[in-house]
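1. Give the three-dimensional model of this entry:
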Amino acid sequence: MIGDNVTRYSVIHKDGTEIHYVWSQEQRKMVETKMTEKLTAVIYSNGSQECERIGMLLETLPGVTEFHEYLLGVHFSDKQFRMEFGSEATYPQCSIGSKHIGSMKETLQYMSDKGMLL
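-> As a prediction, this is how the structure comes out:
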């Protein structure tokens, strides 16, 4: 049973499907003890709802001491984005620590594989 000490996230994809994630306080503590280094989370965003949601999730990760959001049209151009991440790259692009993770789906998969999500 899910108690009050959880954080709930849902992501709605472009095709209309929705995925729900739940992050318990126990899981947060477990991840915090695994993460001894200070992490920086970075997102390259076009301002979409998907970018906002993954940005909020990245900000709340245990061990993340800094969060940077770079916005299309403010910090970089689409041409710069394509040169950095490739012509097929989608928004957002995320990094955790010194590791570039990739798109929102790749980031959620990475976080799931690392035990950061239930």
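
2. which phi and psi does T65 have?
-> phi -100, psi -20 (degrees, to the nearest 10).

3. Can you tell me the closest non-neighbouring residue to it?
-> K38 (4.4 Å; Cβ to Cβ, 6 or more residues apart in numbering). No exception for glycine: its C-beta is placed from N, CA and C like everyone else's.

4. Can you get me a residue count around that neighbour?
-> K38: 10 surrounding residues under other Cβ atoms under 10 Å.

5. Likewise for S112?
-> For S112, the count of nearby residues is 12 (other Cβ under 10 Å).

6. list the helices and strands the helix or strand where it lies packs on?
-> Using DSSP states H and E, S112 maps to helix 104-113. Under the contact definition 3 or more Cβ pairs under 8 Å, 6 or more residues apart in numbering; DSSP states H and E, helix 104-113 sits against helix 49-59, strand 93-96, strand 99-102.

7. Taking their axis directions, it and helix 49-59 sit at what angle?
-> For helix 104-113 against helix 49-59, the angle by axes from the mean of the first three to the mean of the last three Cα atoms, to 10 degrees is 30 degrees.

8. Use 46 as the first number for this chain going forward.
-> Noted, 46 is the first residue going forward, which turns the last one into helix 149-158.

9. okay, helix 149-158 in PDB with CA atoms only?
-> Only the C-alpha atoms of helix 149-158 are listed here, as PDB (Å, rounded to 0.1, in the frame of the first residue of the first chain):
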ATOM      1  CA  MET A 149      13.300  11.600 -21.400                       C
ATOM      2  CA  LYS A 150      12.600   7.900 -22.000                       C
ATOM      3  CA  GLU A 151      16.300   7.100 -21.700                       C
ATOM      4  CA  THR A 152      16.600   9.100 -18.500                       C
ATOM      5  CA  LEU A 153      13.600   7.400 -16.900                       C
ATOM      6  CA  GLN A 154      15.000   4.000 -18.000                       C
ATOM      7  CA  TYR A 155      18.400   4.900 -16.500                       C
ATOM      8  CA  MET A 156      16.800   6.000 -13.300                       C
ATOM      9  CA  SER A 157      14.700   2.900 -13.100                       C
ATOM     10  CA  ASP A 158      17.800   0.600 -13.800                       C
END
